[in-house]
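**Q** pasted the sequence and its predicted model underneath.
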Amino acid sequence: MKKTQEKKKNKGLNILIVLLLTITIVASSIGLYAWAKYTSSESGEATAQVAKWHFELKGNGTEETEQGIKFPITRTDKNTTVANDRLAPGTFGQFDVIIDTTNTEVSYVYDIYIEITNCPTNLKFYANNVHTTELKTERNDKEIENRDIPKTAKLNIKRYVPVKYADATYKETIYWDWAFETLDELEEDEIASTEENDKIDTADQDKEISMNITAIGTEVVEKPEGVQEVISYIDFGKNLVGTESTSDDWEIFYQDDDNVYAILADYLPNSELKNLNIDLESEGNFCVYSNISEIDFINKMTDNTKWKGLLPENLKSNNDITVTGTVDINTFVKSWNDNGYEKLYTCLNESNEYCVGNIQNPTQCNAGLINTDGYENILYFPHTSYYNDCRGYWMSSEGAHREHVELIRIESEIGNVSVNSFKFKSFGLRPMVKLPSSMLTKKVGNVWKILD
């Protein structure tokens with residue numbers, strides 16, 4: 001399938017856009033008032049402890065102006081043919097929206113509404129820096145000149161923050177990309193598709209883009225249905241996925257009464273796999289497979305001694321910590337269902353095969369997740385399209401007997417969980433760490449550190 005990241009552009013076009021931003025800060029009436037928690041003493045008197053509420057919208061590196069807060073729009077492309085303060089086909093970048101709720105002592109939901117006026121049709125917005133997870137955008141791409149109605153694009157980011165993580169600052173980074181060439185994936189004639197999009201890009205030139213950002217904070221007593229909880233992290237002090245810090249490599253995937261399960265935030269690079277001396281076949285930057293058998297694949301993915309090489313030296317000898325090369329489907333289903341998404345069901349069929357599905361008592365391993373709210377959660381789908389030819393990641397399952405093992409894949413672009421051959425060369429790994437909850441004692445915002 002042709003991907004939109006294939007970029008070329010007619011050299012004769014010179015399309016420049018000036019970008020301006022205005023900010024609106026709104027706090028809902030519910031969120032303006034803190035609730036009181038009452039405790040009784042032996043004398044029968046009651047005292048009230050008023051929970052604190054603090055909600056503030058910021059931009060990374062912002063400056064105060066007479067109009068409000070000015071958000072910097074950072075271009076991260078290396079395109080020297082376009083002036084630094086202009087947008088054009090072939091440019092991309094990012095901007096941050098920061099929600100500061102330090103000292104807050106209540107659970108809440110934050111809503112970030114972004115409205116872009118005169119938004120170019122082919123300017124897209126993404127949740128990750130590799131532009132594989134496009135943000136849902138409500139668009140009016142038809143400009144109505146005689147009614148003075150410009151093109152608009154609207155985005156909404158909504159997160160639930162439980163009270164244990166409320167005293168923190170949260171950053172939502174929005175990545176944008178105006179492709180040098182835009183192909184319509186549904187258009188069979190690539191040349192016609194490209195020429196048509198070139199005309200659209202040309203029509204978008206010499207217009208001033210304005211962006212209005214509104215943040216709303218609302219106190220809640222429980223997690224609203226369908227609202228994604230902010231992701232919490234464990235900082236093991238090693239950078240494995242190539243981000244700017246070590247604090248966002250391991251996402252807390254699931255918790256039970258005694259243990260925490262953390263999953264690698266992205267596919268494990270094969271360069272890191274080689275350092276572990278695990279004899280798996282590799283393909284490209286992320287994909288792994290086996291030429292031997294499913295049992296061989298599973299055994300290598302569950303070799304705790306070798307996979308502990310992903311941890312810092314002081315934790316490798318800790319027998320309370322286990323590391324596997326992939327998440328098992330049981331933990332995936334528990335995490336998914338615990339987050340309140342459309343329920344997944346598991347069972348063993350008459351052939352002793354592990355089955356997963358969207359209905360009770362499934363007879364095969366086949367679950368469609370693309371039309372669920374969970375498909376938008378990077379905890380389960382770090383990418384919603386192919387990334388470096390990697391179509392998704394492997395999971396493991398075990399039947400009633402150890403000799404009956406199945407490899408399960410979760411495919412990013414179609415949001416599907418199914419069984420696949422161990423020889424398939426298009427899926428990567430997301431290792432998982434299991435450790436006692438008692439080891440997580442140092443917390444900064446939503447990032448935990450390990451007890452020394």
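**A** Structure received.
**Q** and the gap between Asn270 and Leu280?
**A** 9 Å (CB to CB, to the nearest Å). The way it works is simple: take the backbone N, C-alpha and C, and place the C-beta from them, glycine included.
**Q** anything in contact with each of those two?
**A** Contact with both Asn270 and Leu280 is made by residues Val288, according to CB atoms under 8 Å, 6 or more residues apart in numbering.
**Q** which stretches of this protein have low pLDDT?
**A** 1-55, 57-73, 141-149, 181-207, 398-407, 452 (pLDDT under 70).
**Q** what strands line up against the helix or strand hosting Tyr113, and which way round?
**A** Using DSSP states H and E, Tyr113 maps to strand 108-117. Strand pairing for strand 108-117, using DSSP bridges, gives strand 152-161 (antiparallel), strand 208-219 (antiparallel).
**Q** would you reformat those strands as JSON lines and include distance to Trp250 and mean neighbour count?
**A** As requested, these are exported to JSON lines (distance: least, CB to CB, whole Å; neighbours: other CB atoms under 10 Å):
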{"stretch": "strand 152-161", "distance to Trp250": "19", "mean neighbour count": "18"}
{"stretch": "strand 208-219", "distance to Trp250": "28", "mean neighbour count": "19"}
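**Q** now those as TSV including distance to Gln255?
**A** Output for the strands paired with strand 108-117, formatted as TSV (distance: least, CB to CB, whole Å):
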stretch	distance to Gln255
strand 152-161	16
strand 208-219	24
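**Q** so which of those strands gets nearest Gly374?
**A** With CB to CB as the measure, strand 152-161 is the member of those nearest Gly374 (13.9 Å).
**Q** got the CA coordinates for the closest one in CSV?
**A** C-alpha atoms of strand 152-161 as CSV (Å, rounded to 0.1, in the frame of the first residue of the first chain):
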residue,chain,number,x,y,z
THR,A,152,-10.7,24.9,9.3
ALA,A,153,-9.3,21.9,11.2
LYS,A,154,-10.2,20.9,14.8
LEU,A,155,-8.5,18.6,17.1
ASN,A,156,-9.4,17.4,20.6
ILE,A,157,-7.1,15.7,23.1
LYS,A,158,-8.7,14.4,26.2
ARG,A,159,-7.0,12.6,29.2
TYR,A,160,-8.1,11.4,32.6
VAL,A,161,-5.6,12.0,35.4
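**Q** who's in contact with that strand?
**A** Contacts of strand 152-161 (CB under 8 Å, 6+ apart): 97, 101, 107-117, 119, 123, 125, 135-140, 168, 170, 172, 174, 220, 223-224, 227-230.
**Q** of those residues, buried ones?
**A** Neighbour-count burial (16 or more other CB atoms under 10 Å) applied to the contacts of strand 152-161 gives 97, 101, 107-117, 119, 123, 125, 135, 137, 168, 170, 172, 174, 220, 223, 228-230.
**Q** quick one, domains of this protein?
**A** 18-219, 232-450 (automatic domain parsing).
**Q** give me whichever of those domains is most buried.
**A** domain 232-450 (a mean of 18; mean count of other CB atoms under 10 Å).
**Q** from the chain's centre, how far out does that one sit?
**A** 15 Å (CA atoms, centre = their mean, to the nearest Å).
**Q** what's the first-to-last distance across that domain?
**A** Its start and end residues considered, domain 232-450 measures 14 Å (CA to CA, to the nearest Å).
**Q** stretch 109-124 too?
**A** Start-to-end, stretch 109-124 (CA to CA) is 26 Å.
**Q** repeat for stretch 253-265
**A** The first-to-last residue distance of stretch 253-265 comes to 10 Å (CA to CA).
**Q** re the thing from before, tell me which of the strands paired with strand 108-117 sits nearest to Phe92.
**A** Short answer: strand 208-219, nearest of those by CB to CB, at 14.6 Å.
**Q** could you point out the helix or strand that follows that closest one?
**A** strand 228-229.
**Q** how about the nearest residue to Phe332, chain neighbours excluded?
**A** Nearest residue to Phe332, sequence neighbours excluded (CB to CB, 6 or more residues apart in numbering): Met395, at 6.0 Å.
**Q** who's that neighbour bridged to?
**A** Ile408.
**Q** give the contact list for it.
**A** Per CB under 8 Å, 6+ apart, neighbours of Met395: Thr326, Val327, Asp328, Ile329, Phe332, Leu407, Ile408, Arg409, Ile410, Val417.
**Q** all good on my end, thank you.
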